[in-house]
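S.K.: got a sequence here, can you build the structure:
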Amino acid sequence: MLRPLPLLPPTRRRALCGMAAAFCSLASPRGAWADDPATTPQSRLDTPWWAERHQQKLEEIRRAPVDLIFIGDSIIHNYELTSTAPQYDFLGLWKRFYGNRKAVNLGFNGDTTGNALWRLENGEIDRIAPRVAVVLIGTNNTIQGQGAEETEAGIAAIVALLRQRLPMTKILLLGILPSGISPLKTALDQTVNLRLADRYAAARGVTFMDVGYLFLKDGVTDLGLYMDPRNTPPVPALHPDAAAQARMAEAIEPTLAALMGERAKP
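M.R.: Coordinates of the predicted model:
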């Protein structure tokens with residue numbers, strides 16, 4: 001079973017954050033940040049499928065007990081995709097790891113932290129008390145030009161809201177996964193992850209894991225693990241295929257099981 005690498009020591013993390021500071025400033029002009037899009041709840045109700053999915057999720061959490069929730073964007077949303085080809089059978093992967101855990105998928109394609117905040121403030125965590133909430137979000141913030149500090153603040157706002165609304169729920173926070181969008185985005189995402197590691201290093205009720213190393217080869221994003229470059233026409237890597245995403249599921253399983261109070265799946 002794959003195991004996460006140890007976190008870098010604080011001095012090393014601070015040094016790497018400083019190396020990426022120039023990139024952060026390019027994508028985080030102070031005037032634009034005044035609107036605070038990362039920490040302001042923002043609906044997408046004008047997008048029909050998004051509004052419909054939100055209603056479906058409200059109904060889903062009303063129907064049955066919920067012990068585990070996944071909050072995120074398309075990478076989490078993809079767990080509902082099925083295929084006869086193993087590398088695209090995300091639903092099979094979900095059933096294998098989470099099918100008997102009373103789990104609910106709260107991933108929405110294209111969501112930023114602001115969009116997730118709106119959903120969470122508008123019913124998606126009402127009247128439930130899951131044992132664990134897994135959070136993987138932020139990649140769309142940096143795609144849209146938000147800086148590392150803004151993106152970290154948005155993720156922290158989600159964690160704070162969960163701790164307020166679900167005080168008994170343990171939070172497993174995952175770092176932004178590597179992509180092939182641009183060197184700028186890579187630098188921003190790495191800085192976000194370093195900042196989150198520092199912020200939650202000693203936090204009660206929050207466990208941070210950066211599993212990005214699973215998607216690297218020789219220190220750079222392994223494009224062969226992603227679906228996007230196989231598209232017609234190909235686009236930059238952002239979404240791991242199901243076989244690659246299984247690496248993430250395996251890596252977080254010991255920690256998730258411990259938080260759930262269960263034995264890890266083999």
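
S.K.: for Thr39, grab the count of nearby residues.
M.R.: Number of residues near Thr39 (other C-beta atoms under 10 Å) recorded here: 17. To be clear about C-beta, it is placed using only N, CA and C from the backbone, and glycine gets the same treatment.

S.K.: from Leu162, how far out is it?
M.R.: Thr39 is 14 Å from Leu162, where distance means C-beta to C-beta, to the nearest Å.

S.K.: Lys265 too?
M.R.: 24 Å.

S.K.: and for Ile137?
M.R.: Ile137 is 12 Å from Leu162, where distance means C-beta to C-beta.

S.K.: quick one: which of Lys265 and Leu162 has more around it?
M.R.: Looking at Lys265 and Leu162 with other C-beta under 10 Å, you find the greater number of neighbours at Leu162, namely 23 against 16.

S.K.: per-residue pLDDT, that one?
M.R.: On pLDDT, Leu162 comes in at 98.

S.K.: what helix or strand is it on?
M.R.: Counting by DSSP states H and E, the element that carries Leu162 is helix 148-165.

S.K.: show me what the next helix-or-strand element following that helix packs onto, helices and strands only.
M.R.: Scanning forward in sequence from helix 148-165 by DSSP H and E, the next helix or strand is strand 170-174. Contact partners of strand 170-174 among helices and strands, from 3 or more C-beta pairs under 8 Å, 6 or more residues apart in numbering; DSSP states H and E: strand 132-136, helix 148-165, strand 206-209, helix 242-260.

S.K.: so what does the helix or strand following strand 170-174 touch, helix or strand wise?
M.R.: Later in the chain than strand 170-174, the nearest helix or strand by DSSP H and E is helix 183-199. Counting contacts by 3+ C-beta pairs under 8 Å, 6+ apart, helix 183-199 is packed against helix 10-19, helix 21-26, helix 139-143, helix 148-165, strand 206-209.

S.K.: next, show the common contact partners of Ile137 and Leu162.
M.R.: Taking C-beta atoms under 8 Å, 6 or more residues apart in numbering as the criterion, Ile137 and Leu162 both touch Ile71.

S.K.: now do the helix or strand harbouring Asn105: everything it contacts.
M.R.: According to DSSP H and E, Asn105 maps onto strand 103-107. Outside strand 103-107, the residues that touch it by C-beta under 8 Å, 6+ apart are 57, 60-61, 66-80, 94, 116, 119, 124, 130, 136.

S.K.: please name the nearest non-neighbouring residue to Ala64.
M.R.: Nearest residue to Ala64, sequence neighbours excluded (C-beta to C-beta, 6 or more residues apart in numbering): Lys102, at 6.8 Å.

S.K.: who's in contact with that neighbour?
M.R.: If a contact means C-beta under 8 Å, 6+ apart, then Lys102 has Ala64, Pro65, Val66, Asp67, Leu68 as its contacts.

S.K.: list the contacts of Asn78.
M.R.: Shown here is Asn78, whose contacts under the criterion C-beta under 8 Å, 6+ apart are Phe90, Gly107, His239, Ala242, Gln245.

S.K.: all set now, cheers.
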